[in-house]
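>>> return a 3D structure for these sequence lines:
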Amino acid sequence: MRRVHTLAAALVTAALPAVGWSQPRLDPAPRPPVTAPPVNEPSEPIAILDGVVAAVAATVVTVPASIGMARAMTLASPDFLGGAIPALLFLGFAPPFAAHGLGVVAMNLHEPRRYNLWPSIFATVPLHLGAVVLGSVLGVNLRDPATLLPFVIAEAIVLPAVSITLSWVSRRPRARPPAARARSRPALDVAAVRAPLVRAAIELRSVEATPALPGIVAPLFAGRF
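You can find the predicted model right below:
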């Protein structure tokens with residue numbers, strides 16, 4: 001009977017963790033929260049400076065080139081109207097699209113898709129068309145550096161300033177990386193669950209090794225009542 005009581009106590013001890021009771025144990029130390037690594041954000045003034053430099057360079061190159069190309073297209077066409085229309089279109093749209101487009105591309109190299117081509121281009125094109133009309137009234141000539149140089153300098157100042165300013169005003173907000181969330185999982189105390197099972201297994205082996213069992217317990221271990 002003493003062995004039977006010992007076996008019953010071992011089985012009850014092994015079953016207690018299954019119903020949510022176990023020996024008191026110390027909780028493990030809390031894990032530090034997982035934080036996102038620091039992100040080196042690109043410098044916005046450097047992006048704007050690169051955009052200004054690209055827009056100024058594009059304006060200095062395309063304004064005289066568009067004037068010369070428009071003049072060559074007009075002289076090469078036998079029909080004055082047929083040559084003047086494409087020449088005026090090239091003269092009016094090539095410099096603002098080149099200056100504004102290269103400026104936006106240079107800024108987006110630092111932060112992709114943050115600076116937009118639209119709607120800033122709708123302001124730079126009318127500004128350049130007005131400058132072309134004013135230059136034609138003032139007699140700007142490609143062969144006269146005294147009139148061409150001030151016109152190109154004025155365009156290289158005003159056109160990039162308006163283009164980059166409007167691109168900066170209409171820029172997209174800077175995307176923030178999502179913060180990493182710490183995942184806390186309850187720690188499984190393997191030792192607290194395994195110890196009662198080991199003791200129960202030892203008691204079972206000791207009972208099975210006993211040569212004689214009481215008459216009530218023997219049928220239980222034999223699989224019948």
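>>> need the contact partners of the helix or strand residue 153 falls within.
In this assignment (DSSP states H and E), residue 153 forms part of helix 145-169. Residues outside helix 145-169 that contact it (CB atoms under 8 Å, 6 or more residues apart in numbering): 48, 51-52, 55-56, 59-60, 63-64, 67, 95-96, 99-100, 103-104, 107, 115-116, 119-120, 123-124, 127-128, 131, 135, 138-142. Yep, even glycine has a C-beta here, placed from its N, CA and C like the rest.
>>> which elements pack onto the longest helix seen in the chain?
The residue-count maximum for a helix in the chain (DSSP state H) belongs to helix 44-76. If contacts are counted by 3 or more CB pairs under 8 Å, 6 or more residues apart in numbering; DSSP states H and E, helix 44-76 sits against helix 80-108, helix 145-169.
>>> go through those and pick out the most buried.
helix 80-108 (a mean of 19; mean count of other CB atoms under 10 Å).
>>> helices and strands around that one, which ones?
helix 44-76, helix 121-138, helix 145-169.
>>> and of these, who's closest to residue 199?
When the helices and strands packed on helix 80-108 are compared by CB to CB, helix 44-76 sits nearest residue 199, at 68.2 Å.
>>> pLDDT of the closest one, averaged?
Average pLDDT, helix 44-76: 92.
>>> stretch 134-154 too?
Averaging pLDDT along stretch 134-154 gives 91.
>>> give me the distance between the two termini of it.
For stretch 134-154, the first-to-last residue distance is 12 Å (CA to CA, to the nearest Å).
>>> also stretch 112-121?
Stretch 112-121 has its terminal residues 19 Å apart, counting by CA to CA.
>>> for residue 155, see how far away residue 66 is.
In this view, residue 66 and residue 155 are 10 Å apart by CB to CB, to the nearest Å.
>>> shared neighbours, the two?
Residues touching both residue 66 and residue 155 by CB under 8 Å, 6+ apart: residue 95.
>>> give me the domain ranges for the protein.
For the chain, automatic domain parsing gives the domain ranges 44-169, 193-225.
>>> which ones are touching residue 63?
95, 151-152, 155-156.
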